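[1] sequence and predicted structure, then a few things I'm wondering about:
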Amino acid sequence: MNDEVEFLGEVDSGVYHWDIGQDVHFTLEPKNGKVVLSLVKGVGDTEDLLMSKVKPTDWHKNENLIGKIGNQVSEMHGYGSTWVKKQLRLVKNDLLMADQHEKEQILKGDGIIIQKQTLGAEFRIKGDETVFTVELSSQIPEKNENGEYVLPDGGGVKEIEFTVDQWNGDNPGPLESKYLAKYPKKGSVTITEDAWGELIDEWNEILEEGHVESVTVDEMIAEDVVDRLVEVVEPYVDRKKAANEVNNVLYEYENEKYEQDIVWVQSKAVQNALKDVSDKSESYMSSLSMNLREMGATVDSVQQKSMGGSRGKRVYPFDATILNLNRLDVIQDDEDNEDGVRVDE
């Protein structure tokens, strides 16, 4: 069994691929400020989509998410969950190394030194003011034989305080002057605006460590609804058959408005999925609709559309990849119907 992963680069435009073994590829596609994560078995005509989810760009820092993906792929497709999680962690390590390399390109000299010195960050209330405090090692990093900055062992802790305006501002000047006041032997320090922004982002991440992951109950319910739909939907290209059963869905190739494959899911199916995964009532549907949009599962709000019958149905336009569907999954009739859904004007 292959326990390594190979980064294949940007195989498709804007889509990054890893070969993770067992004829499975992991792909990452930036989309609308988030990323689409997919696991695909095979290539070309034999390609089979195992899983696809829209997640935040820092998904690889979320160990719980990696565990959830591993368990889901194991349950649905028979792969060992331990193997899937291990391979995803190897991909995660690739991304973390890329993150660090990108940071170092932005931070450069003195920015990297301060990053290496960072031990912690917190905010405190002083009288009527809030101040942000960064804890730095009293030791100054030095370059080793490989040209990398390394923090010497030992030493104490020094603190630098910032006001709220300084912390939230774009000016690196306060950091430069405060740093030199603490480390006069350094002689000079230069921090670019980009490096200051990178340091602040990193310190803000430290401030958030230990807090509950910023995923709301509503977001968790939306994810569970999508996972439930993945389990129950049956895709058709024929409108009448798609309308016959609640969990039948209409697969539309390359929708002109949204410029992608769309799966039209009946509102009733979404309501049933909500009941299966939560104790929420039908009145919660408007909140669910909003969260499905925000997570990128749907590309628009619920719509009234004709699906081959005299009466229209309320349907949600789902991104096909989010429901782990592709054209090979579609149940077709003897005569293929490529008309897709008709929009009621």
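    Yep, it's here.

[2] quick one: the helices in the stretch 201-345 of the chain, in order.
    217-232, 239-244, 267-277, 285-294 (DSSP state H, counting those that start in this stretch).

[3] which other helices and strands does the shortest one contact?
    Packed against helix 239-244 by the contact rule (3 or more C-beta pairs under 8 Å, 6 or more residues apart in numbering; DSSP states H and E) you find strand 248-255. For the C-beta atoms, the positions are set from N, CA and C on the backbone; glycine is no exception.

[4] do the same with the first one
    Based on contacts counted as 3+ C-beta pairs under 8 Å, 6+ apart, the elements that helix 217-232 packs against are helix 267-277, helix 285-294.

[5] so can I have JSON lines of those helices showing distance to residue 112, mean pLDDT and mean neighbour count?
    Written out in JSON lines, the entries for these read as follows (distance: least, C-beta to C-beta, whole Å; pLDDT from 0 to 100; neighbours: other C-beta atoms under 10 Å):
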{"stretch": "helix 267-277", "distance to residue 112": "46", "mean pLDDT": "93", "mean neighbour count": "18"}
{"stretch": "helix 285-294", "distance to residue 112": "36", "mean pLDDT": "90", "mean neighbour count": "16"}
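
[6] so who does residue 31 touch?
    The contact partners of residue 31, taken as C-beta atoms under 8 Å, 6 or more residues apart in numbering, are 54, 296.

[7] circling back to that earlier point, closest to residue 307 out of the helices and strands packed on helix 217-232?
    helix 267-277 (12.0 Å; C-beta to C-beta).

[8] need the residues that contact that closest one.
    221, 224-225, 227-229, 232-233, 246-247, 249, 280, 282, 284-285, 288, 302, 313-316.

[9] pull out the buried residues from those residues.
    Of all these considered here, the ones buried according to neighbour count by 16 or more other C-beta atoms under 10 Å are 221, 225, 227-229, 233, 246, 249, 280, 285, 288, 302, 313, 315-316.

[10] quick one on the thing from earlier: now the helices of the stretch 201-345 of the chain in CSV, with distance to residue 29?
    Supplementary listing: the helices of the stretch 201-345 of the chain in CSV, determined by distance: least, C-beta to C-beta, whole Å:
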stretch, distance to residue 29
helix 217-232, 17
helix 239-244, 27
helix 267-277, 25
helix 285-294, 18
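
[11] circling back to that earlier point, mind putting the helices and strands packed on helix 217-232 into a markdown table with distance to residue 63?
    As requested, the helices and strands packed on helix 217-232 are arranged in a markdown table below (distance: least, C-beta to C-beta, whole Å):
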| stretch | distance to residue 63 |
| --- | --- |
| helix 267-277 | 23 |
| helix 285-294 | 23 |
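
[12] out of the ones you listed, flag the one nearest residue 198.
    Closest approach to residue 198 among the helices and strands packed on helix 217-232 (C-beta to C-beta): helix 285-294, 27.0 Å.

[13] that closest one: how far from the chain's middle?
    Here the centre of mass of C-alpha atoms in helix 285-294, compared against the chain's by C-alpha atoms, centre = their mean, to the nearest Å, lies 18 Å away.
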